[in-house]
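Peer 1: Model the structure of this input:
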Amino acid sequence: MEHCDINTTLQDAGLSKTSQRVAVLSALMHTGIPLCVKDILDQIGPDCHVNKVTVYRILDSFKTAGIIREIPTDHGEKFYEMACSHNPLHPHFYCRVCRNLSCLPTAGITEEWLKRFRSGRESVESIVVNLSGVCAGCQTSKK
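Peer 2: Numbering: from 1, shown residues only. Here you go, the predicted structure:
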C-alpha cells in the first residue's frame, strides 16, 4: 500500500505532531491490514513510552479528524485502518474463531456511490460492511 505523509496528515487534521501520535499513525500507515489496540502497541514497541489509554485517546482524535476508520466486530473488539485515498472504503471479513480481520475487495463501493449520500438529504456518518464467520484456516484445523 502506498502511504500518506505523516506530517502532512497530522497538519491537515489540525493535530499537533507528538511522538506518540507519530508512532500510532506510523503503525497504521505501514501495515496493510487493520489493527486492534494490542496490535498497535506491539507495532510501536516499548521504546515509545505510550500506554493503552493514550493509544485509545489518539485513535479517538484520529477518528474524529477523519484520518482513520474504526471497524467494530461481533466480539466487541475494534480494529482501525487508514481512511485515505490509498485505502478506499472496503468491506472486511472477521473470523469469530481466531479473531483475525482481513480486508475484502471494494465490492463496488466507489466514491461516486458515496457522493450520492453525501450530497443528499441523508446525513451518513459512517459506513461499515463486515462479514463474519470462520476463516478457511480455522475450518481446516477443525477437521
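
Peer 1: Could you point out the longest helix of the chain?
Peer 2: In terms of residue count, the longest helix belonging to the chain (DSSP state H) is helix 52-65.

Peer 1: Contacts for that one next, please.
Peer 2: By Cβ atoms under 8 Å, 6 or more residues apart in numbering, the list of residues contacting helix 52-65 from outside reads 13-15, 20-21, 24-25, 28, 37, 40-41, 44, 50, 68-70, 80. Just so you know, the C-beta spots here come from the backbone N, C-alpha and C atoms, and that holds for glycine as well.

Peer 1: Please name the strands paired to the helix or strand following it in the sheet, noting orientation.
Peer 2: As assigned by DSSP states H and E, the chain's next helix or strand after helix 52-65 is strand 68-72. Using DSSP bridges, strand 68-72 pairs in its sheet with strand 78-82 (antiparallel).

Peer 1: so how far is the strand it pairs with off the chain centroid?
Peer 2: 2 Å (Cα atoms, centre = their mean, to the nearest Å).

Peer 1: ok, now stretch 48-63?
Peer 2: So, by Cα atoms, centre = their mean, the centroid of stretch 48-63 is 14 Å from its chain's centroid.

Peer 1: buried stuff in the helix or strand where residue 42 lies?
Peer 2: Taking DSSP H and E as the criterion, residue 42 maps to helix 37-44. Applying a neighbour-count criterion of 16 or more other Cβ atoms under 10 Å, one finds 37, 39-41, 43-44 buried in helix 37-44.

Peer 1: Which elements pack onto that helix?
Peer 2: helix 19-29, helix 52-65 (3 or more Cβ pairs under 8 Å, 6 or more residues apart in numbering; DSSP states H and E).

Peer 1: Report the helix or strand with the lowest average pLDDT across the protein.
Peer 2: helix 111-118 (a mean of 68; mean pLDDT, DSSP states H and E).

Peer 1: Which is the succeeding secondary structure element to it?
Peer 2: In N-to-C order, the element after helix 111-118 by DSSP H and E is strand 130-133.

Peer 1: Give me the sheet partners of that following strand and which way each runs.
Peer 2: strand 92-95 (parallel).

Peer 1: tell me the centre residue of this structure?
Peer 2: Centroid-nearest residue in the chain: residue 81, 1.8 Å away (criterion: Cα atoms, centre = their mean).
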